[in-house]
Structure formats: structure tokens, C-alpha cells
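Visitor: Just the structure for this:
(chains A and B)
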Amino acid sequence: AQSVTQPDIHITVSEGASLELRCNYSYGATPYLFWYVQSPGQGLQLLLKYFSGDTLVQGIKGFEAEFKRSQSSFNLRKPSVHWSDAAEYFCAVGDGSNYQLIWGAGTKLIIKP
Amino acid sequence: NAGVTQTPKFQVLKTGQSMTLQCAQDMNHNSMYWYRQDPGMGLRLIYYSASEGTTDKGEVPNGYNVSRLNKREFSLRLESAAPSQTSVYFCASSEGLAHEQFFGPGTRLTVL
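Guide: Numbering: from 1, shown residues only, chains lettered A, B, ... in the order given. As a prediction, this is how the structure comes out:
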């Protein structure tokens, strides 16, 4: 069955430190991959997406993600986090053949001052 | 350009009551979606509409109905609300095959 796993429910990082959020997927076809961010009380906003081509993709707010087919992973990174990055982050996977995305359960990022 | 709008923002219902959640998008998108979000469960798709005039069930359709009124509007109806439907509901839209979805601000629904 298709699935997306975000192994970390919560992650705490000091302001200015680097960040990596993990996403693993199980998907039969070539995946389309997304990272979304949800600030408290808000809807979801797209950070970045991967469809094809360069496996390192750049997104908004200084985030990047790397697609590793051999590891079925699409981890999100940021070199230096800011207090405003505190939010919940969701990984999602689709294959372009239908209109449904498979969503991870989310990782809540907490920033220590 | 408002993007995706949802009404109401908050709603409290009693068990058995009915209500309709409204969603509209002004991006001329073909596809629209209704999700529910519960703690620790991410987003679960209730119904979607690939294009005007079509609707399909998602992962958790029981207890809900939808109407794609026109290209802009996609409503979600709870005919007889149950406490298990207490959740935050999000509407989203996308151009289609690109699958980048744009989300509304959500409706927080409590069923007592």
C-alpha cells in the first residue's frame, strides 16, 4: 500500500541551528513529492515540490529538499532556523495519474531561543 | 486575489444537526478537495472533484456529501453530525495534474 512516513512527531532545534526533517515513502510509481508548512491556526502553504530533474530542490523561506530514490526519501533541510520557522511540516506524495495525494502525519518543529 | 476562502471559520453543532461548509477559489483551478485534519493523523481526504461536474470519494467519505456547484465553489455537507466529525476541515484547489494544492484557512468544527 502507498504510504508516507514522517518518523519524528516533534523536533526541537535551537535558533540558528541546522534542521533536517525526514520523509520516507512507499510508492509504486515515480513519485511527485511535496513539503507543506502549517503555522498555528493557519492553512497549509507549499514549501517546495519535486517532479523530475535535479534531485535537490530549492523552496521558499530558505528550505531545500533532496530526493533519494534508492532510500525512498525526501528530507527537508534548512541551514539555519529562525523562530518564525516554528510550525508543523507535512510531506505528501502523488504520482500524477490521479488527483489524490498521500500525506504524512506531520512533524512539529519547536524552536529554542 | 483571495485564493481559497472557506466559511464559516468556527462552528459548534449538536449531534444530529446538519450544516454545509462552503469553499470558493478564484484561481480558475479545475480540481478541488475537502480534507479533515485530526491530531497525529495528518490530512485525510474526504471527497474531491477532479473537474466541474464530477465528484469522487476519498479516504473517509462516510457521513459527508459534496456538491461542485460550479468551477469556483465546492461545498461539504454534514447531514447528521456526530461527535466523531469534530475536526478541522480544509478545502484546497489545484490546477490538476500538477498536484500543487492551495489551501483555505480551515473551519474548526465541534460536534457536541
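
Visitor: Next, the contact list for the residue in chain B that chain A sits nearest to, please.
Guide: Among all residues of chain B, B:Phe103 sits closest to chain A, at 3.8 Å; criterion: CB to the nearest CB. The way it works is simple: take the backbone N, C-alpha and C, and place the C-beta from them, glycine included. Neighbouring residues of B:Phe103 by CB atoms under 8 Å, 6 or more residues apart in numbering or on different chains: A:Tyr36, A:Gly43, A:Leu44, A:Gln45, B:Val4, B:Phe90, B:Cys91, B:Ala92.

Visitor: near chain B, which residues of chain A show up?
Guide: Listed as neighbours of chain B in chain A under the rule CB under 8 Å from any CB of the partner chain: A:9, A:32, A:34, A:36, A:42-46, A:49, A:90, A:92, A:94, A:96, A:99-101, A:103-106.

Visitor: Okay, and which of those residues map to strands?
Guide: Counted as lying in strands by DSSP state E, out of the residues of chain A next to chain B, are A:Tyr32, A:Phe34, A:Tyr36, A:Leu44, A:Gln45, A:Leu46, A:Lys49, A:Phe90, A:Ala92, A:Gly94, A:Trp103.

Visitor: returning to that earlier point: need the nearest residue in space to the residue of chain B closest to chain A, chain neighbours excluded.
Guide: Nearest residue to B:Phe103 in three dimensions, chain neighbours excluded: A:Gly43, at 3.8 Å (CB to CB, 6 or more residues apart in numbering or on different chains).

Visitor: Looking at the contacts of B:Phe103, which gets the smallest pLDDT?
Guide: Minimum pLDDT for the contacts of B:Phe103 is recorded at A:Gly43 (88).

Visitor: What residues does it make contact with?
Guide: A:Gly43 sits next to B:Val4, B:Phe90, B:Phe103, B:Gly104, B:Pro105, B:Gly106 when contact means CB under 8 Å, 6+ apart.

Visitor: Fine, thanks again, bye for now.
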